[in-house]
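> Quick one: sequence plus predicted model below, questions after.
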Amino acid sequence: MQSFNPLHLAALGRVHDEREARTAAAAALDIFGNVNLDLMYALPGQSAEDARADVTAALEFAPPHLSFYQLTIEPNTLFHRYPPPLPDDDAAAGIGDAIEDALTGAGYRHYETSAFAKANRECRHNLNYWQFGDYLGIGAGAHSKLSFPERVLRQVRYKQPQQYLEQMARGEPLLEEREVARAEIGFEFMLNAMRLTDGVPVAWFAERTGFPLAIVDAELDAAERRGLIVRDHERIGPTPLGRRFLNDLQAMFLPRKSRRPPEAALVPIPVRGES
């Protein structure tokens, strides 16, 4: 969807209009039932009232799942070359809060950074990613994450269909395969797990990485001191502050040579968006 507002759709350069968005949503829900509507916020010229109108329009369809992503400007895009006027950080945060309040009031649970679901309708596919589960990619451009007792592998298959078919015929479909290094495994796990509102069981770190939680003890201690996580012997999860400053929380687990200076101030940065 991205938006039900024709002005915002035009500003985003979308090829569909409001009528087509509504038609597609109605058809998808009629045919499939189990549907996610994907919207964006903090759009060029968008106010909190505009965002609430998008929420109201989405709720008319009563979808089991909703995603709301904050627009971010990515390199090598038209918006990066010609930046549009966007709401500032405070306004964007206010819009995000208004969306959460409206959806929570309508019976949706904000279970992941950008995802809301009715009871027992969380996206199992994405939960597997966020819980650092395994998956096997099949087809052109597909990615895999495969865990073994002694290592975790990531794979990427050839992206172009014809090249993929040719490489498959040779028995060599992989464009890239790499083992996740010990220095990276804590970041990869926390990059996903800290997106979840409830966090994850402590035991999952060792179970799903093959390394003891002690390898990230210093990072966990620092995050706890800054009020970004809460943990006990059973679970680790983000605090409301950690959810607001998720990029900063995730960056604390980067390999040391990749980290920002420790004195860097907390700045609310969108964790994912599209442009």
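Good, I have the coordinates. Computed from a prediction, not measured in an experiment: that's the story for all the values here.

> Please make it C-alpha for all contacts and neighbour counts, starting now.
Fine.

> The residue of the chain positioned farthest from its centre and Gln163, how far apart?
Ranked by distance from the centre of the chain (CA atoms, centre = their mean), the top residue is Arg170, with 35.4 Å. Distance of Arg170 to Gln163, computed by CA to CA, to the nearest Å: 11 Å.

> where along the stretch 151-275 of the chain do the helices fall?
Remark: helices assigned in the stretch 151-275 of the chain by DSSP state H, counting those that start in this stretch are 161-169, 182-193, 203-209, 217-225, 240-244, 246-251.

> Those into a markdown table, with extra columns for mean pLDDT, distance to Ala140 and mean neighbour count?
Supplementary listing: the helices of the stretch 151-275 of the chain in a markdown table, determined by pLDDT from 0 to 100; distance: least, CA to CA, whole Å; neighbours: other CA atoms under 10 Å:
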| stretch | mean pLDDT | distance to Ala140 | mean neighbour count |
| --- | --- | --- | --- |
| helix 161-169 | 97 | 5 | 14 |
| helix 182-193 | 96 | 24 | 20 |
| helix 203-209 | 96 | 27 | 18 |
| helix 217-225 | 97 | 37 | 15 |
| helix 240-244 | 94 | 34 | 19 |
| helix 246-251 | 95 | 30 | 22 |
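
> among these, which is nearest His125?
helix 182-193 (13.2 Å; CA to CA).

> contact partners of that closest one?
129-132, 199-200, 205, 209, 211, 215-216, 237, 250-251, 253-255 (CA atoms under 8 Å, 6 or more residues apart in numbering).

> now swap in stretch 137-145 and tell me
133-136, 152-161, 164.

> Among these, name the buried ones.
133-134, 152, 154-158, 164 (16 or more other CA atoms under 10 Å).

> Just send those back as a markdown table, with distance to Ala106 too.
Converted to a markdown table, those look like this (distance: CA to CA, whole Å):
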| residue | distance to Ala106 |
| --- | --- |
| Gly133 | 31 |
| Asp134 | 33 |
| Val152 | 40 |
| Arg154 | 39 |
| Gln155 | 40 |
| Val156 | 40 |
| Arg157 | 41 |
| Tyr158 | 43 |
| Tyr164 | 45 |
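
> wait, which of those is closest to Arg244?
Gly133 (24.7 Å).

> Please tell me I have it right and that closest one contacts Phe205.
No: at 11.0 Å, Gly133 and Phe205 do not qualify as touching, with contact defined as CA atoms under 8 Å.

> Find residues that contact each of the two.
Between them, Gly133 and Phe205 share no contacting residue, judged by CA under 8 Å, 6+ apart.

> can you pull the contacts of the residue farthest from the centre of the chain?
Contacts for Arg170 (CA under 8 Å, 6+ apart) come out as none.

> Now it: phi and psi?
phi -90, psi 0 (degrees, to the nearest 10).

> Spell out, range by range, the strands that occur in the chain.
Along the chain, the stretches classed as strands by DSSP state E are 36-41, 65-70, 109-112, 115-117, 143-148, 151-157, 174-179, 200-201, 229-231, 235-238.

> Point out the most buried one among these.
strand 115-117 (a mean of 23; mean count of other CA atoms under 10 Å).

> what stretches of the chain score poorly on pLDDT?
257-275 (pLDDT under 70).

> for it, what's the longest helix?
Counting residues, the longest helix in the chain under DSSP state H turns out to be helix 89-105.

> now it and strand 36-41, what's the angle there?
Counting by axes from the mean of the first three to the mean of the last three CA atoms, to 10 degrees, helix 89-105 lies at 150 degrees to strand 36-41.

> Let's see helix 89-105 as CSV, backbone CA atoms only.
Taking Å, rounded to 0.1, in the frame of the first residue of the first chain, the C-alpha atoms of helix 89-105 are listed here in CSV:
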residue,chain,number,x,y,z
ASP,A,89,13.2,13.4,14.0
ASP,A,90,10.8,14.7,16.7
ALA,A,91,7.9,14.9,14.3
ALA,A,92,8.6,11.4,12.9
ALA,A,93,8.8,10.0,16.4
GLY,A,94,5.4,11.6,17.2
ILE,A,95,3.9,10.1,14.0
GLY,A,96,5.2,6.7,15.0
ASP,A,97,3.7,7.0,18.5
ALA,A,98,0.4,8.1,17.0
ILE,A,99,0.3,5.0,14.8
GLU,A,100,1.2,2.7,17.6
ASP,A,101,-1.5,4.2,19.9
ALA,A,102,-4.2,3.9,17.2
LEU,A,103,-3.3,0.3,16.3
THR,A,104,-2.9,-0.8,19.9
GLY,A,105,-6.3,0.7,20.6
